[in-house]
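Asks: Predicted model and sequence follow; I will ask about them next.
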Amino acid sequence: MSTVILGIESSCDDTSAAILKDGEILSNCIANQEAHRLYGGVVPEVASRAHQINIIPVVDLAIKKAGIQKEEISAIAFTRGPGLIGSLMVGVSFAKAFALSLNIPMIEVNHMQAHVLAHFAETPKPKFPFLCLTVSGGHTQIVRVKAPLEMEVIGSTIDDAAGEAFDKSGKMLGLDYPAGPIIDKLAKQGNAIFEFPEPKVGELEFSFSGLKTSILYFLKKQLKQHPDFITEHLNDICASVQKTIVAILIKKLKLAAQKTGITEIAIAGGVSANSALREALNQLGKTEGWNTYIPKFEYCTDNAAMIAVTGYFKYMEKQFIGQEVTPLARYKF
Ligand code: KG4
Ligand code: ZN
């Protein structure tokens, strides 16, 4: 008999549902919430309300697109955390009710572990042990992965996440939220002619709050002399900001590879969609002799395929959870 997993993701502002059958993704549907653009960031209450509107149509679509009947689903995997508590509650409550109605087990998934395991939604898959640089809007971690469900964080940020660094820099430049993809696009037409200092932190630690401050002071100083500085140099500023963030990420990843001796290297999370980071990793793979793994765009940012994949690994181990489960805004692994 086939194993069919329904994955549900609702940790931030994307509502997503995916169907995985015997390890293969059949559908991965995502409803984005455009409303947050107006506010320059994710507004938790707006996000929760939108999840409530989106969740049933998205799950329905995922089931239809996969060409299965809901009665074929073997288990429901859902994001338990970390994330916005109101957003998580919508996904968790939905998963509970649907599992109860279908009389099938539930599997709780850590969103950050799922970003790492997104690599198993496609081929080629990394070989164990591998290192994964997980870079998203809320986290920046280097993870040593020994087995699908055995991983440890060996480096992380002491303040802002890499995605936050992109988004906050973009906000200072008057760009919409999320600014990461916009900076990526504008940087392609610019040159990295401005320099920002790299942070001084521990070996495998990241820090991005200093960068944010130096960009702010840099812009203030320039705007005093040239009021049109941002409009005239937007592409070059974007290229410079992006170059600095990517350089910080790559430097630490290289150090982690040297320290652990691991040559299977992956990136994951929303910022892994960044073209300069992807390019830098490809280059480094060649010079360092690494096998590198970069997810396709749809598996970089928040998606339920990665939740279903993680759920499948847990299903094999019979790691189920009862109806008493509650979401966790903070959830370390
Ligand atoms: O993983 P994700 O979708 O959500 C979280 O779990 O946070 O990551 C979202 C982050 C945002 O900060 C967004 O600006 C960033 O990923 N991002 C990018 C790009 N695409 C998304 N940052 C830089 N370049 C991109 N192309
Ligand atoms: Zn994420």
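Replies: That came through, no problem. Ligands and ions are numbered 1, 2, ... in the order given.
Asks: how's the protein carved up into domains?
Replies: For the chain, automatic domain parsing gives the domain ranges 4-117+302-316, 126-294.
Asks: Let's have those domains in CSV, adding mean pLDDT, mean neighbour count and distance to ligand 1.
Replies: Yep, even glycine has a C-beta here, placed from its N, CA and C like the rest. Below are the domains of the chain laid out as CSV (pLDDT from 0 to 100; neighbours: other Cβ atoms under 10 Å; distance: least, Cβ to the nearest ligand atom, whole Å):
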stretch, mean pLDDT, mean neighbour count, distance to ligand 1
domain 4-117+302-316, 96, 22, 4
domain 126-294, 97, 18, 2
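Asks: Ok, which of those comes nearest Gln323?
Replies: Distance to Gln323, taken as Cβ to Cβ, is lowest for domain 4-117+302-316 among the domains of the chain, at 5.7 Å.
Asks: and the most centrally placed residue in the chain, what does it touch?
Replies: The residue lying closest to the centre of the chain (Cα atoms, centre = their mean) is Gly269, at 2.6 Å. Counting by Cβ atoms under 8 Å, 6 or more residues apart in numbering, Gly269 makes contact with His115, Thr134, Val135, Ser136, His139, Gly163, Cys300, Thr301.
Asks: same thing with Gly270?
Replies: Contacts of Gly270 (Cβ under 8 Å, 6+ apart): Val135, Ser136, Gly137, Gly163, Pro178, Gly180, Cys300, Thr301, Asp302.
Asks: The residues you listed also near ligand 2: which ones?
Replies: Ser136, Asp302 (Cβ under 5 Å from the ion).
Asks: Out of the contacts of Gly270, which comes closest to Ala280?
Replies: Val135 (12.3 Å).
Asks: The closest one against Ala266, yeah?
Replies: No - using Cβ atoms under 8 Å, Val135 is not in contact with Ala266; the gap is 11.3 Å.
Asks: What's the separation between Val309 and Val116?
Replies: Taking Cβ to Cβ, to the nearest Å as the measure, Val309 falls 10 Å from Val116.
Asks: no no, Tyr293
Replies: Separation of Tyr293 from Val116 (Cβ to Cβ) stands at 10 Å.
Asks: shared neighbours of these two, anything?
Replies: Listed as contacting both Tyr293 and Val116 by Cβ under 8 Å, 6+ apart are Ala266.
Asks: coming back round to it: want to throw the contacts of Gly269 into JSON lines with distance to Cys12 and secondary structure?
Replies: Output for the contacts of Gly269, formatted as JSON lines (distance: Cβ to Cβ, whole Å; DSSP: H, G, I helix; E, B strand; the rest coil):
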{"residue": "His115", "distance to Cys12": "12", "secondary structure": "helix"}
{"residue": "Thr134", "distance to Cys12": "14", "secondary structure": "strand"}
{"residue": "Val135", "distance to Cys12": "15", "secondary structure": "strand"}
{"residue": "Ser136", "distance to Cys12": "9", "secondary structure": "coil"}
{"residue": "His139", "distance to Cys12": "11", "secondary structure": "coil"}
{"residue": "Gly163", "distance to Cys12": "11", "secondary structure": "helix"}
{"residue": "Cys300", "distance to Cys12": "14", "secondary structure": "helix"}
{"residue": "Thr301", "distance to Cys12": "10", "secondary structure": "coil"}
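Asks: now these as TSV including distance to Ala75?
Replies: Below are those laid out as TSV (distance: Cβ to Cβ, whole Å):
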residue	distance to Ala75
His115	20
Thr134	25
Val135	29
Ser136	26
His139	26
Gly163	30
Cys300	25
Thr301	24
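Asks: Walking through the stretch 1-150 of the chain, point out its helices one by one.
Replies: Under the criterion DSSP state H, counting those that start in this stretch, helices of the stretch 1-150 of the chain are mapped to 44-66, 85-102, 111-117.
Asks: TSV for these, including distance to Ile19?
Replies: Putting the helices of the stretch 1-150 of the chain into TSV (distance: least, Cβ to Cβ, whole Å) gives the following:
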stretch	distance to Ile19
helix 44-66	4
helix 85-102	13
helix 111-117	16
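Asks: Select, out of the ones you listed, the one closest to Leu249.
Replies: helix 111-117 (14.7 Å).
Asks: List the contacts of that closest one.
Replies: Contacting residues not belonging to helix 111-117 are listed as 9, 11, 79, 81-83, 132, 134, 136, 139, 141, 143, 145, 148-149, 151, 266, 268-269, 302, 306-307, 309-310, 313, 331, 333 [Cβ under 8 Å, 6+ apart].
Asks: Inside strands: which ones of those?
Replies: Glu9, Thr79, Gly81, Cys132, Thr134, Gln141, Val143, Val145, Met151, Ala266, Ala268 (DSSP state E).
Asks: Next up, the contacts around whichever residue of the stretch 101-250 of the chain sits closest to ligand 2.
Replies: Taking Cβ to the ion, ligand 2 has its nearest neighbour within the stretch 101-250 of the chain at Ser136, 4.2 Å off. Shown in contact with Ser136 (Cβ under 8 Å, 6+ apart): Met112, His115, Ala161, Ala162, Gly163, Gly269, Gly270, Val271, Asp302.
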